[in-house]
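*Asks:* no sequence for this one, just the structure:
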């Protein structure tokens, strides 16, 4: 069955609970013939009362509304950007509200993302913070919130509303909640923030990702200059680092860290083992760390190896006597495959001012304030991603994450892919960006990506999409008939004399193909191909071993079956088939109708 809307998150949670063996083992009485009876479960929960009248919780005005927004399905889609200057590839750029985009990604990218990095609004006076009071269409939402300008969304001042922290929390909570579903089990998320909201962000992240999955609060020294108008000059930002599952990441910690220091390997015994340097064998921390205490070769103390292990290494020439002490030979060939453990203090000149200068040079103008340094994002990528991972940034800004992914791939031969999402926030009319033709921040993001591809002579391009209303008429009809289901309205539309009544006016076939694909498990990197098998014309959407053949012909007969491979699915108008043809085709090929 084809899906026309975004994933039903509440239903997916219910299905996960229903199929959980652990849950069934704890509450066997709420299952009937293997099916969860939710009413029985509610009855049990009502009987469970806490003896404590007070307990810690993190609440704010609008938190319940956040859950409603999370569960609400999206009536939007992603349409293909027709910019012919974009080099095609497997990476993805999306212009649109990241809340709706994250909902649309739930099916195709569930547990597919290895690393998320975001640099959300810090909740300063001119940050773009808004309430997600979506109506039935994107346009309606923009009108309601009075944030629509011809060039895109406009900024709003947050301090004047009297709900500064509340508005920010209502903005960030559903987005972070939806993001977690996209991470792989060994995935990680980094979030940049400053002192204004770090306390609230930490609580939100603890609630959504689990405080047990907190890895570190990294202090990023973002500026070198001093602000003399402050009591103490703040020179750092925070980067909160969480794992989807701490245990997965902890068990892989030997592969996480900085590139090894390969200096000082200046010794070589010419025995074929290669260069080495000496490293200590003493056990720092002594007895408190469980290090054994003994005497070996005249040296007494705490060691990192047992006496038997020490003797084996000594006999094999790995541990040697040097002066009055003992040293271990550490070979270069070993060091190359290791990682250096990083710290929470990042002060290696990863300055915003340097990033601004570099971006200005790349773009031939000063069009974006306070971009993140490319090397800052690369530091995260180097430590937590592998060559074929997908990286997501849904507050893309100037596009630093995409830049960092491409640059790192160029350096290590990797094939990481990025998905970046940027709101079409309008630039100020008196700004240099506006004067240069960049009417929206998303215009700057896209142009930067194109320029980096050219600068690096990069091997891969990207697909560009923008958020818009669905191509399916069902959502407009749903507004007129709020008590009807999507399924009943689709059935009604299919009964129309005209095939195309199921779609909105001026809907494009390629947009329909990608909307159906995205809502039925195809990624945004899926390929399309035009095929002609007389008398039919197809658009083939394919990815890995999966393929949908779309045919928008008004009349189809049984001979179409010869053009459809056995492992593919035919998508066509319901009205293009008479009952006999539909029955015959279903016996021979996989078919779904629009």
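*Replies:* Structure's in. What do you need? What you are looking at is a predicted structure, and each value in this text was computed from that prediction instead of being measured. Numbers count the residues shown, from 1 in each chain.
*Asks:* So which residues of the stretch 251-400 of the chain form helices?
*Replies:* 307-315, 332-335, 352-363, 374-384, 400-412 (DSSP state H, counting those that start in this stretch).
*Asks:* Same check on the stretch 451-594 of the chain?
*Replies:* Under DSSP H, counting those that start in this stretch, the stretch 451-594 of the chain gives helices at 474-480, 486-494, 509-518, 579-588.
*Asks:* thinking again about what came up before, and of the helices of the stretch 251-400 of the chain, who's closest to residue 100?
*Replies:* helix 400-412 (19.9 Å; C-beta to C-beta). Bear in mind the C-beta positions are built from the backbone N, C-alpha and C, glycine included.
*Asks:* moving C-terminal of that closest one, what's the next helix or strand?
*Replies:* Using DSSP states H and E, the helix or strand that follows helix 400-412 in sequence is strand 417-422.
*Asks:* Run the chain-centre distance for that following strand.
*Replies:* Taking C-alpha atoms, centre = their mean, to the nearest Å, the mean C-alpha location of strand 417-422 is offset from the chain mean by 8 Å.
*Asks:* which outside residues touch it?
*Replies:* Contacts to strand 417-422, defined as C-beta atoms under 8 Å, 6 or more residues apart in numbering, come from residues 90-96, 98, 101-102, 105, 109, 113, 389-397, 399, 401-402, 405-406, 441-442, 445, 449, 460, 462, 524-525.
*Asks:* again with stretch 578-594
*Replies:* 1-2, 494, 499, 502, 516, 556-558, 560-561, 564, 566, 568-574, 577.
*Asks:* Same check on stretch 260-274?
*Replies:* With contact meaning C-beta under 8 Å, 6+ apart, stretch 260-274 is reached by 275-278, 329-333, 335-336, 338-340.
*Asks:* which of the residues in it are buried?
*Replies:* Buried positions in stretch 260-274, judged by neighbour count with 16 or more other C-beta atoms under 10 Å: residue 265.
*Asks:* Can you get me the start-to-end distance on that stretch?
*Replies:* With C-alpha to C-alpha, to the nearest Å as the measure, stretch 260-274 spans 17 Å from end to end.
*Asks:* Can you name the residues that contact residue 527?
*Replies:* Contacts for residue 527 (C-beta under 8 Å, 6+ apart) come out as 541, 542, 543.
*Asks:* correction: residue 448
*Replies:* Counting by C-beta under 8 Å, 6+ apart, residue 448 has contacts 359, 362, 363, 398, 399, 402, 403.
*Asks:* how near is it to residue 316?
*Replies:* 54 Å (C-beta to C-beta, to the nearest Å).
*Asks:* repeat for residue 522
*Replies:* 55 Å.
*Asks:* more crowded one of those two?
*Replies:* Between residue 522 and residue 316, counted using other C-beta atoms under 10 Å, residue 522 has the larger neighbour count: 22 against 9.
*Asks:* same for the host helix or strand of residue 115, what does it pack against?
*Replies:* Assigned by DSSP H and E, residue 115 belongs to strand 113-118. Applying 3 or more C-beta pairs under 8 Å, 6 or more residues apart in numbering; DSSP states H and E, we find strand 113-118 packed against helix 164-182, strand 183-193, helix 374-384, strand 390-393.
*Asks:* Pull up the pairing partners for it, direction included.
*Replies:* Applying DSSP bridges, strand 113-118 is found paired with strand 183-193 (parallel), strand 390-393 (parallel).
*Asks:* With distance to residue 71 and mean pLDDT added, can I get these in TSV?
*Replies:* Converted to TSV, the strands paired with strand 113-118 look like this (distance: least, C-beta to C-beta, whole Å; pLDDT from 0 to 100):
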stretch	distance to residue 71	mean pLDDT
strand 183-193	20	97
strand 390-393	22	98
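*Asks:* Same list as before, those strands that is, but in JSON lines and with distance to residue 587 and mean neighbour count included.
*Replies:* Output for the strands paired with strand 113-118, formatted as JSON lines (distance: least, C-beta to C-beta, whole Å; neighbours: other C-beta atoms under 10 Å):
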{"stretch": "strand 183-193", "distance to residue 587": "40", "mean neighbour count": "22"}
{"stretch": "strand 390-393", "distance to residue 587": "39", "mean neighbour count": "26"}
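*Asks:* re the thing from before, so which of the helices and strands packed on strand 113-118 comes closest to residue 224?
*Replies:* helix 374-384 (14.5 Å).
*Asks:* Which neighbouring elements make contact with that closest one?
*Replies:* The contact analysis (3+ C-beta pairs under 8 Å, 6+ apart) places helix 374-384 against strand 113-118, helix 352-363, helix 400-412.
*Asks:* Give the buried residues for the longest one.
*Replies:* Buried residues in helix 400-412, counting neighbours by 16+ other C-beta under 10 Å, are found at 400, 401, 402, 403, 404, 405, 406, 407, 408, 409.
*Asks:* quick revisit: need the max-distance pair from the contacts of residue 448.
*Replies:* Top of the distance list for those (C-beta to C-beta): 363 and 402, 14.0 Å.
*Asks:* hang on, the earlier thing: for residue 325, find the nearest of the strands paired with strand 113-118.
*Replies:* Nearest to residue 325 among the strands paired with strand 113-118 is strand 183-193 (40.4 Å), distances taken as C-beta to C-beta.
*Asks:* so who does the most centrally placed residue in the chain touch?
*Replies:* Residue closest to the average C-alpha location in the chain (C-alpha atoms, centre = their mean): residue 392, at 3.3 Å. Contacts for residue 392 (C-beta under 8 Å, 6+ apart) come out as 109, 113, 115, 116, 117, 179, 182, 418, 419, 420, 421.
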